[in-house]
Each structure stands twice: as structure tokens, then as C-alpha cells.
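Chemist: Structure for the following, please:
(one chain, ligands or ions: 1)
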Amino acid sequence: MNIKIFDTNEELDQVGGNIIASLVQTKPHAVLGLATGSTPIGIYEQLIFLFKKGLLDFSQVTAFNLDEYVGLPEGHPETYRTFMNKRLYSHININMNRTHIPNGDAPDLEAECRRYDSMLAGGTQIDLQLLGLGHNGHIGFNEPDHALSSGTHVVDLKEETRKANARFFSSIDEVPNQAITMGVGSILKAKMIMLVVRGESKAEIAHQALTGPITTELPASLLQTHPNVVVLLDKGAGKYFY
Ligand code: F6R
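Modeler: Numbers count the residues shown, from 1 in each chain. Predicted coordinates for the structure are as follows:
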């Protein structure tokens, strides 16, 4: 595991964005696994910056997102589809037909999970999976549990996750109780994983996840089993690694 700690978030964003950019430059048909939340925003800004400078072409890239809330209608400002369009896709030349996000408003959620898995199966392999880290150690929306699902599934969000995400909604009551998430099996199948963690409030969980016992009660700890993980931490999140 390659752990890098940055003095500033700007440096972290540049390095994170440049790692994804180099992949797209060397492999125009790259398959990216993408995340939402506050963590990747600066990295997406770096990709947009490089694209606007004419250094990147996303026209052949395919992207799969990790997760989506259940029950928010299409076009709702807090769906992860809206987030991706606003924070990245509307600024670059990606073919929208190649951008995949689970449909959390599907009438049959189980069928939607199988549909998503079928796209991730067979010859498709994610070249680089970008991950943030939940305060409780979740990756995607794989919440701590005595067992974890390998494939895409519907998950009940933990109260701490709903609380953490309430900042994006007008009240906690509006935060969905469930989400669809890619499973840890799909995440670990990626050729390379880039875990990004920011802020002192995640320092302890990041340290436990990366150096402590591997357990489904701390889903990010399963990343220790992957052969090609790069971890980008800001100073706060990296404080126990000094
Ligand atoms: C988002 C996702 C989540 C977030 C995590 C951290 O697609 O999969 O695991 O990465 O909840 O969220 P932020 O970045 O908002 O602190």
C-alpha cells in the first residue's frame, strides 16, 4: 500500500487528479470507478482544469459510480447522478451513455442491482476505483456489518451516515434511509484503488483501516488485501502516520 500525506488539499487534488489523468492519457478507453461526497470534488476540479487546457480526452472513457440513494426522484439536487453531472460530467467531453450510476428510483431495486452487476461482469474491469472513506469506515455505502455483500445491493444506511450526509439536505429527515451500492467484491476487483481521506475527524478510522485488523466491521480494512492501493491523505487525516 502506497500512502502519501499532503500538507495542503490543493497538492492532494493535483496528485489525485494527475493519477487519473495519466491513466486516461495512456489508456483512452479506461474504465473509471468514481465516488461522490465532498472528498473527490477537488480531484474532479483538477480533471476539469486539465481537460480545459486540452490535455485530456474523455470521449472513450467509461465510468461507473459506486452508489446512489434509494427513492430520490430523477433530477433531485442530491441524487448522485445530479452530483456527477454538476461536478464533473457537464464540464468534460465524456459520452453520457458511458456514465453509469445505479438507479435508486427503479421500481424493482433487486433487478436494478442485477442490471448493474451485469455491466460490471464479464470483460469489464475497472482500471481505477476512486474511494472516499466514511467516518464509520464505510467504502461506497458498504456499512460496517458482521458480513458484507460482494455484489451490488440495497443497503440500510446507518444513522451516523445519514447524520454525516444531512449537511447536504435541509434536514436529516430528508436523507434517504437506503442506498444502492456496489459491493466490496466489485470494488476489490478494480486493477487499482485510490482511497482519499481528508480531515482530522477521519484520522483514527483511516489509521485503523489501513494498519489494524482486517474485518467487515471496518469495511475499508479490506483494502489491505488489494495489491495496488494508493492512499492520499491530507495532513489532518494522516496525523497518526507521522
Ligand atoms: C460516495 C461514497 C461514500 C463517501 C463517504 C465519504 O459515493 O461512496 O463512501 O465517499 O461517505 O463522504 P465525504 O466525502 O462526503 O466525506
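
Chemist: Stretch 35-53 close to the ligand?
Modeler: Yes: against the ligand, stretch 35-53 shows contacts by C-beta under 6 Å from any ligand atom at 35-39. (Each C-beta comes from the backbone N, C-alpha and C, glycine too.)

Chemist: Can you give me the buried ones in stretch 195-207?
Modeler: 195-199, 202-203, 205-207 (16 or more other C-beta atoms under 10 Å).

Chemist: Just the ones in strands from the residues you listed, please.
Modeler: Among these, the members found in strands (DSSP state E) are 195-197.

Chemist: quick one: pLDDT of the most centrally placed residue in the chain?
Modeler: In the chain, the C-alpha nearest the mean C-alpha coordinate belongs to residue 35, at 2.6 Å (C-alpha atoms, centre = their mean). Note for residue 35: predicted pLDDT of 98.

Chemist: same check, this time on residue 200
Modeler: 98.

Chemist: for the ligand, what are the nearby residues on this structure?
Modeler: 35-39, 66-67, 132-134, 138-141.

Chemist: List only buried entries from those residues.
Modeler: Judged by 16+ other C-beta under 10 Å, buried ones among the residues of the chain next to the ligand: 35-37, 39, 66-67, 132-134, 138-141.

Chemist: List just the nearest of the residues of the chain next to the ligand to residue 105.
Modeler: The closest of those to residue 105 turns out to be residue 67 (C-beta to C-beta; 13.7 Å).

Chemist: For burial, what's the neighbour tally of the closest residue to residue 27 other than its chain neighbours?
Modeler: Nearest non-adjacent residue to residue 27, counting by C-beta to C-beta, 6 or more residues apart in numbering: residue 127, 6.5 Å away. Counted by other C-beta atoms under 10 Å, the residues lying close to residue 127 total 18.

Chemist: what sits against residue 127?
Modeler: Neighbour list for residue 127: 23, 27, 30-32, 190-192 [criterion: C-beta atoms under 8 Å, 6 or more residues apart in numbering].

Chemist: now with 10 Å?
Modeler: 20, 23-24, 27, 29-33, 61-62, 190-192 (C-beta atoms under 10 Å, 6 or more residues apart in numbering).

Chemist: ok, now residue 17?
Modeler: Applying C-beta under 10 Å, 6+ apart, the residues contacting residue 17 are 40, 42-50, 56.
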